[in-house]
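> need a 3D model of the following:
(one chain, ligands or ions: 1)
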Amino acid sequence: MTIIPLDRTRTANGASGGTPVLEARGLTKHFPVHRGARRAVVHAVEDVTLALPQAGITAVVGESGSGKSTLARLLAQLIKPTAGAVLLDGARAPGRQRYTRQVQLVLQDPFSSLNPVHNTRYHLARPLRLHGLASGANMDTQIAELLERVALSPSFAAKYPHELSGGQRQRVAIARALAMQPRVLLADEPVSMLDVSIRLGVLNLLAGLRDREGLAILYVTHDIASARYLADVIAVMYAGQIIESGPAAQVTDAPAHPYTQLLLSAAPDPDRAEPPSLRGRGAPPNLIRPPSGCRFHPRCPFAMTVCANERPVAIEVAPGQASACWLHAKGLTAAQSRPLREPGTLTGPVTEAQRPQGPGEEKR
Ligand code: SF4
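Model prediction:
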């Protein structure tokens with residue numbers, strides 16, 4: 001078994017071959033906060049390395065607060081990283097205007113991302129005009145082409161946001177992103193605010209943009225089932241870190257990390273009698289004082305002594321699939337592999353009082 005450190009020498013999704021279009025190398029984001037007189041930081045994203053290949057969809061999956069939307073904003077260069085770098089075509093990202101021409105962000109909420117006083121034509125014409133991509137009679141042709149690329153008829157150009165369904169609004173938002181002729185789309189929860197019945201259409205639209213136009217797409221979602229349907233590669237994020245990655249079918253059929261197993265256990269399944277839920281399995285940690293060692297150890301039923309003290313390295317568990325978990329490591333000592341808690345004691349939410357304290361942590 002090969003041990004692969006999740007460091008800057010290899011992408012977390014195991015991408016190989018040609019140069020990826022967009023790369024995150026060791027991206028870290030800490031947000032400063034004030035707690036009374038004390039200053040602290042929220043460790044939102046920690047040392048994330050990821051590559052988006054051309055004509056590929058990479059899904060970043062995790063619960064709310066896992067840092068996946070912050071990662072998308074870092075890749076869109078809407079916020080500056082605390083550490084690490086974003087590379088476009090293997091080189092440091094160019095200036096903002098050239099960068100946004102190539103990397104576009106599609107936001108979660110199609111109800112607030114369009115200005116209600118302007119029609120679709122205005123929303124699509126604006127980026128074309130600002131970037132000198134169309135003018136005059138050519139403008140209407142380009143707008144009709146953009147609408148066609150997102151499976152809307154040219155008549156939608158005259159419609160206002162209130163005349164569109166949620167799915168149609170999201171298609172207009174995607175068309176607006178496509179107006180810049182980008183090579184990378186960063187889609188942050190693009191279907192989570194849509195009715196279930198129309199989600200599939202938007203997912204298929206993204207798949208078509210990958211297949212027909214060769215776009216590199218980041219699909220951010222909390223829904224691992226939709227990630228399996230759409231993505232080529234899944235990277236699972238927990239508490240700001242990528243903890244498992246690999247081919248989508250491999251990660252969902254044979255999840256190696258206990259957190260991925262937990263996520264899958266909560267995914268909708270028509271054969272399961274009980275409704276899916278993550279309740280009763282603990283809550284994501286406080287990222288101002290993230291748990292020491294493996295950040296999942298307060299919730300993990302398999303936690304060992306080593307888990308509370310040392311951050312696990314990523315270990316290749318199958319071709320292209322890596323999991324950052326001490327369960328896959330060989331050569332742990334008896335002291336390191338001693339269970340952290342009695343079997344069966346992790347049955348309810350882990351309270352702060354139950355949470356094992358890491359070195360340097362004070363009990364609240
Ligand atoms: Fe659980 Fe330890 Fe693996 Fe973390 S490293 S997921 S605590 S077994």
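> so whichever residue of the stretch 101-250 of the chain sits closest to the ligand: helix, strand or coil?
For the stretch 101-250 of the chain and the ligand, the shortest gap (Cβ to the nearest ligand atom) falls at Ile243, measuring 7.3 Å. To be clear about C-beta, it is placed using only N, CA and C from the backbone, and glycine gets the same treatment. At Ile243 the chain is in strand, as set by DSSP: H, G, I helix; E, B strand; the rest coil.
> and whichever strand or helix holds His30, how far from the chain's centre?
Assigned by DSSP states H and E, His30 belongs to strand 22-35. Chain-centre distance of strand 22-35: 14 Å, with Cα atoms, centre = their mean, to the nearest Å.
> and the next helix or strand past it?
Following strand 22-35 in sequence, per DSSP H and E, is strand 38-52.
> and the gap between the residue of the stretch 101-250 of the chain closest to the ligand and Arg311?
Separation of Ile243 from Arg311 (Cβ to Cβ, to the nearest Å) stands at 10 Å.
> okay, and the common contacts of these two?
Ala324 (Cβ atoms under 8 Å, 6 or more residues apart in numbering).
> higher neighbour count, those two?
Ile243 (27 against 15; other Cβ atoms under 10 Å).
> surely that one touches Met237?
Yes. The pair Ile243 and Met237 qualifies as a contact (Cβ atoms under 8 Å) at a distance of 7.1 Å.
> let's verify Arg295: helix, strand, or coil?
coil.
> for it, list the residues it contacts.
Arg295 is in contact with Tyr238, Ala239, Gly240, Gln241, Pro285, counting by Cβ under 8 Å, 6+ apart.
> hmm, the second one is touching Gly67, no?
Spelled out, that is Ala239. Yes. If you go by Cβ under 8 Å, Ala239 and Gly67 touch, sitting 7.2 Å apart.
> shared neighbours of those two, which are they?
Joint contacts of Ala239 and Gly67 (Cβ under 8 Å, 6+ apart) are Leu287.
> all strands of the stretch 251-364 of the chain, in order?
314-318, 321-324 (DSSP state E, counting those that start in this stretch).
> can you put the ones you listed in TSV and add distance to the ligand, mean neighbour count and mean pLDDT?
TSV is the format used below for the strands of the stretch 251-364 of the chain (distance: least, Cβ to the nearest ligand atom, whole Å; neighbours: other Cβ atoms under 10 Å; pLDDT from 0 to 100):
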stretch	distance to the ligand	mean neighbour count	mean pLDDT
strand 314-318	10	20	94
strand 321-324	7	26	96
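> which stretch among the ones you listed comes nearest Ala173?
strand 321-324 (33.1 Å; Cβ to Cβ).
> which residues touch that closest one?
Applying Cβ under 8 Å, 6+ apart, the contact partners of strand 321-324 are 4, 6, 12, 14, 241-247, 250-251, 254, 256-257, 260, 294, 311-317.
> pairing partners for it, with directions?
strand 241-247 (antiparallel), strand 314-318 (antiparallel) (DSSP bridges).
> tabulate the CA atom coordinates of that strand in PDB.
In PDB, the C-alpha atoms belonging to strand 321-324 read as follows (Å, rounded to 0.1, in the frame of the first residue of the first chain):
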ATOM      1  CA  GLN A 321      -8.600   6.400  -4.400                       C
ATOM      2  CA  ALA A 322      -6.900   7.900  -1.300                       C
ATOM      3  CA  SER A 323      -8.200   8.100   2.300                       C
ATOM      4  CA  ALA A 324      -6.700  10.100   5.100                       C
END
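> any idea how far that strand is from the chain center?
On Cα atoms, centre = their mean, the centre of strand 321-324 falls 16 Å from that of its chain.
> same thing with stretch 236-252?
Relative to the chain's own centre, stretch 236-252 is displaced by 10 Å; criterion: Cα atoms, centre = their mean.
> now do the contacts for the residue nearest to Ala335 when sequence neighbours are not counted.
Of all residues not flanking Ala335 in the chain, Thr305 sits nearest, at 6.3 Å (Cβ to Cβ, 6 or more residues apart in numbering). By Cβ under 8 Å, 6+ apart, the contact list for Thr305 reads Ala335, Gln336, Ser337, Arg338, Pro339, Leu340.
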